[in-house]
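**Q** kindly return the folded structure for what I paste below:
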Amino acid sequence: MEIIKNSLELQKFLDSPQIHQVFPKSYHSQLRLVTYQAGQAICHQEDHLTALSLVVTGKVKIVRKLFNGKDYILDISSSPNLIGDIELLTGQRIVSSVIALEKVWVVQLPLHNRQQLLKDATFLYKVGKGLATSLYLQNIQAASNIGYSVKERLATHILSIENEGKFQLELHLLADSFGTSYRHLLRTIKDFLEEKTIAKEGKNYHILQRKTLEKLRIRP
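**A** Here you go, the predicted structure:
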């Protein structure tokens, strides 16, 4: 974790719409800009919440440690993503750990006056709207995991992350997010390779038949 003290860097983010969607302007003087490297935790399960964190660039994984000691990946999330809203509203300890998968930039609001935030109607509206959006997306994802095949979900994922036809796959993370086994995911990738829908070069893949993927793509 590194706190960025360059005020110009912070101001770039403060001028962006995603900041205004979460933090009212009256709190901007209290915000700080922080970076985390891949593998670092933005927060740990069961710790006390000390700041609200908005991931503005980068990708994170949300992990819940189960009673048997195993880690379960709840989600792989790209920015923007607000961390700590549930804990702020419920007063409980942090529900899940959030780990950076790459370098992430985070705008944080230290919780020096929690009661003031909880009395701020504008702030609560923004947080509530964000929670409602997250719940909506989680419902869609849960329905997709039940109602669509791994092949359809993989095709949809590839089309969402590809850049000029090229992409990489984080297999263990992807299997957890799909709610399927690692072996099943590998078989599905193998099918795409044998059908020449995609091709692999080292750690990278590229799309050969976009139309095939588009036919499998899940429509909202």
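**Q** the nearest residue to residue 93 once chain neighbours are set aside in helix, strand or coil?
**A** Spatial nearest neighbour of residue 93, excluding adjacent residues (CB to CB, 6 or more residues apart in numbering): residue 46 at 5.1 Å. Glycine gets a C-beta too; all of them are placed from N, C-alpha and C. Here residue 46 is coil, with the state taken from DSSP: H, G, I helix; E, B strand; the rest coil.
**Q** so residue 46 sits right up against residue 92, yeah?
**A** No - counting by CB atoms under 8 Å, residue 46 does not reach residue 92; the two are 9.7 Å apart.
**Q** flag the shaky bits of this protein, pLDDT-wise.
**A** For the chain, the stretches flagged by pLDDT under 70 are 79, 137, 140-146, 220.
**Q** quick check: can you list the domain ranges of it?
**A** 2-145, 149-216 (automatic domain parsing).
**Q** now those in JSON lines, with mean neighbour count?
**A** What follows is the domains of the chain, written out as JSON lines (neighbours: other CB atoms under 10 Å):
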{"stretch": "domain 2-145", "mean neighbour count": "15"}
{"stretch": "domain 149-216", "mean neighbour count": "15"}
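**Q** got the contact list for residue 87?
**A** 49, 93, 94, 95 (CB atoms under 8 Å, 6 or more residues apart in numbering).
**Q** and the residue nearest the centre of this structure?
**A** residue 77 (1.3 Å; CA atoms, centre = their mean).
**Q** so that one touches residue 63, yeah?
**A** No - using CB under 8 Å, residue 77 is not in contact with residue 63; the gap is 11.4 Å.
**Q** in this structure residue 171 contacts residue 182, no?
**A** Yes - using CB under 8 Å, residue 171 is in contact with residue 182, at 6.4 Å.
**Q** helices of this structure, start to end?
**A** 7-14, 17-20, 85-90, 114-118, 121-147, 150-161, 171-178, 182-194, 210-216 (DSSP state H).
**Q** may I see those helices organised as JSON lines, with distance to residue 68 added?
**A** As requested, the helices of the chain are exported to JSON lines (distance: least, CB to CB, whole Å):
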{"stretch": "helix 7-14", "distance to residue 68": "40"}
{"stretch": "helix 17-20", "distance to residue 68": "37"}
{"stretch": "helix 85-90", "distance to residue 68": "23"}
{"stretch": "helix 114-118", "distance to residue 68": "33"}
{"stretch": "helix 121-147", "distance to residue 68": "22"}
{"stretch": "helix 150-161", "distance to residue 68": "25"}
{"stretch": "helix 171-178", "distance to residue 68": "16"}
{"stretch": "helix 182-194", "distance to residue 68": "19"}
{"stretch": "helix 210-216", "distance to residue 68": "35"}
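**Q** and of the ones you listed, who's closest to residue 38?
**A** Among the helices of the chain, helix 171-178 comes nearest to residue 38, with 12.5 Å by CB to CB.
**Q** report the angle between that closest one and helix 182-194.
**A** With axes from the mean of the first three to the mean of the last three CA atoms, to 10 degrees applied, the angle from helix 171-178 to helix 182-194 works out at 110 degrees.
**Q** which residues touch residue 213?
**A** 155, 158, 159, 197, 207.
**Q** can you rerun that using 10 Å?
**A** 151-152, 154-159, 162, 192, 197-198, 207 (CB atoms under 10 Å, 6 or more residues apart in numbering).
**Q** tabulate the contacts of residue 87 (a markdown table), appending distance to residue 135.
**A** Formatted as a markdown table, the contacts of residue 87 follow (distance: CB to CB, whole Å):
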| residue | distance to residue 135 |
| --- | --- |
| 49 | 20 |
| 93 | 21 |
| 94 | 19 |
| 95 | 14 |
